[in-house]
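K.L.:
Need a 3D model of the following:
(chains A and B)
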Amino acid sequence: EPEVTQTPSHQVTQMGQEVILRCVPISNHLYFYWYRQILGQKVEFLVSFYNNEISEKSEIFDDQFSVERPDGSNFTLKIRSTKLEDSAMYFCASSEILYGELFFGEGSRLTVL
Amino acid sequence: DQQVKQNSPSLSVQEGRISILNCDYTNSMFDYFLWYKKYPAEGPTFLISISSIKDKNEDGRFTVFLNKSAKHLSLHIVPSQPGDSAVYFCAASAGYGGSQGNLIFGKGTKLSVKP
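P.N.:
Numbers count the residues shown, from 1 in each chain, chains lettered A, B, ... in the order given. Coordinates of the predicted model:
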């Protein structure tokens, strides 16, 4: 069964460092998303991406965040200068159609020290 | 600002019985609702959805009920099985004419099904 894969599964970084989280969405999916879940809190929407551009972003997704689809398969989330409060589990998701079922990856746990 | 509320953080049910997970929402623009299941160390997995034009959707042991006037939906699992033990997230979207996949999640309810 096709699945969304994410790397790394866990990353520890120092505050102020740049982090890139990588995702390989399901191959025939056209819509891509990043969500995050801070420990003990709810899953929060960060950004959606379609046709090589951001469709929508939340207020969490400020200038420190960026997304990119550098090639035909990867979808990346970059945090330019990490803060302590960026520590969370970051989930990538993709869907085949608009409003279609979202398939989530297993998540990348980011720990900012 | 909790637009999607799951007021029960946990629920314990005996195997074979019905599990009922509840979800309330405040935004009347929501028109598409989903339930996701999440096991530890895994991403959320889609379970079942319902659009606002319906009041019930059934898929095997899982049924979702929507009461738009009360802004309430529930997930029924019958019969419950130990493998159903997971955290269940309710999510909503103002999809049609609204955001594109911007799902608003509740905080989740941890279901434990005991043998």
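
K.L.:
and the residue nearest in space to the middle of chain A, helix, strand or coil?
P.N.:
Geometric centre of chain A, nearest residue: A:Trp34, 3.3 Å, by C-alpha atoms, centre = their mean. Secondary structure assignment for A:Trp34 (DSSP: H, G, I helix; E, B strand; the rest coil): strand.

K.L.:
Report the contact partners of it.
P.N.:
Contacts for A:Trp34 (C-beta atoms under 8 Å, 6 or more residues apart in numbering or on different chains) come out as A:Leu21, A:Cys23, A:Leu46, A:Val47, A:Val67, A:Leu77, A:Tyr90, A:Phe91, A:Cys92, A:Ala93. Using the backbone N, CA and C atoms, a C-beta is placed for each residue, glycine as well.

K.L.:
surely the second one meets A:Val4?
P.N.:
Right, the one you point to is A:Cys23. Yes - with contact defined as C-beta atoms under 8 Å, A:Cys23 reaches A:Val4; the gap is 6.4 Å.

K.L.:
Contacting chain B as well, which ones from the contacts of A:Trp34?
P.N.:
A:Phe91, A:Ala93 (C-beta under 8 Å from any C-beta of the partner chain).

K.L.:
In a markdown table: the contacts of A:Trp34, plus distance to A:Gly40, pLDDT and neighbour count.
P.N.:
Shown next, in a markdown table, are those (distance: C-beta to C-beta, whole Å; pLDDT from 0 to 100; neighbours: other C-beta atoms under 10 Å in any protein chain shown):
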| residue | distance to A:Gly40 | pLDDT | neighbour count |
| --- | --- | --- | --- |
| A:Leu21 | 21 | 98 | 24 |
| A:Cys23 | 24 | 97 | 25 |
| A:Leu46 | 18 | 94 | 22 |
| A:Val47 | 22 | 93 | 21 |
| A:Val67 | 26 | 97 | 22 |
| A:Leu77 | 21 | 98 | 24 |
| A:Tyr90 | 16 | 97 | 22 |
| A:Phe91 | 16 | 95 | 27 |
| A:Cys92 | 21 | 96 | 28 |
| A:Ala93 | 21 | 93 | 29 |
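
K.L.:
What is the nearest of the contacts of A:Trp34 to chain B?
P.N.:
A:Phe91 (5.1 Å; C-beta to the nearest C-beta).

K.L.:
hang on, that closest one in a strand?
P.N.:
Yes - secondary structure of A:Phe91 (three-state DSSP): part of a strand.

K.L.:
what about chain A, any weak spots by pLDDT?
P.N.:
Under the criterion pLDDT under 70, the flagged ranges of chain A are A:99.

K.L.:
again, only this time at 90
P.N.:
Along chain A, the parts satisfying pLDDT under 90 run over A:1-2, A:28, A:39-43, A:45, A:51, A:55-56, A:70-73, A:95-102.

K.L.:
Give me the spatial nearest neighbour of the residue of it found nearest chain B, chain neighbours excluded.
P.N.:
Proximity to chain B, evaluated over chain A using C-beta to the nearest C-beta, is greatest for A:Phe104 at 3.3 Å. For A:Phe104, ignoring the flanking residues on the chain, the nearest one in space by C-beta to C-beta, 6 or more residues apart in numbering or on different chains is B:Gly43 at 3.3 Å.
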